[in-house]
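In: Quick one, what's the 3D model for this:
(one chain, ligands or ions: 1)
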Amino acid sequence: MAVLTEEQQYFFDAQGYLVIPDALTAEELAAVRVAADAAEAEWRENPEKPGVRRHDLEQVQNPMEYDPVLYRMLEHPRIFPIVRELLGEDIMMLDHDYFITPPHTKIIKGWHYDEGFPGVYHPRSCLMIKVFYVLDDIPHNGGGTVILPGSHRFPYKPINTEVPEDMPASVRMCLPAGAAYLMAGRTYHCVGNNLSEIPRRLMIYTYGHKWMKVWNTYEPSEALAAQAKTPLSRQLLGLTDPYGPNAPLELAPLLEVSG
Ligand SMILES: O=C(O)CCC(=O)C(=O)O
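Out: I've put the predicted structure just below:
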């Protein structure tokens, strides 16, 4: 049975992105925030932990390695089936990051595509989908991703405006905490200027196909691989035959069911 409505399917196909309001329940959001805070603290404490430490971007790389909740988000029971339906049953994780844009951050000429494989006619292909989970309310001037709708179908590279929000016909992902948005890897986008007083925090999971390669340095550790118990979990971490059968959809709740 289809999990996407026709409206969602056509919106994603036409626009190259899709917003899912209330993706996380209040309980899930609280648990993800606790896990994100702990991961961030550990990452700040130890400069050897992988990531980016720049004035305009703090990137905690591989957040799934820090906490089982951040790992289980990869198979979020309501969002993952949507991504799988859009991308295909041969779905696999490519990378995952926790992105923080500090307050008062200006981004200059940051527009880009994530997917640029030569030899692929991108306007007809969907090789990647990114899922962004919003951890705190993002105000209008708070650095929400700016997206150029429909640009995944463009056979050319659009201009790169000096100010992200100046892109003609663009939309800002200024969304409430607990929302998620999906974006095709070929959709042109940019981190927004965060002119607000609060950091903008996103948990990002990127999915591709299992015959692709998990991005370098995002390969799961042995400890993470040991947590992958089902065929689907193993497929998602790139631990199965890339050309073998696809794993069936078999998901657990994000949080332990109590009582
Ligand atoms: O942080 C954002 O808003 C966008 C992140 C981004 O550009 C990317 O993941 O490629």
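In: now the strands for the chain?
Out: 17-20, 51-53, 58-61, 91-101, 129-134, 146-147, 171-172, 180-184, 189-190, 200-209 (DSSP state E).
In: name the helices or strands packed onto the last one?
Out: Applying 3 or more C-beta pairs under 8 Å, 6 or more residues apart in numbering; DSSP states H and E, one finds that strand 200-209 makes contact with helix 26-45, helix 80-87, strand 91-101, strand 129-134. C-beta here means a position set from N, CA and C on the backbone, and glycine is covered the same way.
In: Looking at the stretch 101-250 of the chain, which residue is nearest the ligand?
Out: residue 145 (3.3 Å; C-beta to the nearest ligand atom).
In: surely that residue meets residue 194?
Out: No. Applying C-beta atoms under 8 Å as the test, residue 145 and residue 194 come out as separate, 11.1 Å apart.
In: Who does the nearest residue to residue 189 once chain neighbours are set aside form a beta bridge with?
Out: Using C-beta to C-beta, 6 or more residues apart in numbering and skipping the chain neighbours, the partner closest in space to residue 189 is residue 147 (4.8 Å). Using DSSP bridges, the bridge partners assigned to residue 147 are residue 171, residue 189.
In: hang on, residue 147 packs against residue 187?
Out: Yes. Counting by C-beta under 8 Å, residue 147 touches residue 187, with 6.1 Å between them.
In: Pull up the overlap in contacts between those two.
Out: Listed as contacting both residue 147 and residue 187 by C-beta atoms under 8 Å, 6 or more residues apart in numbering are 16, 17.
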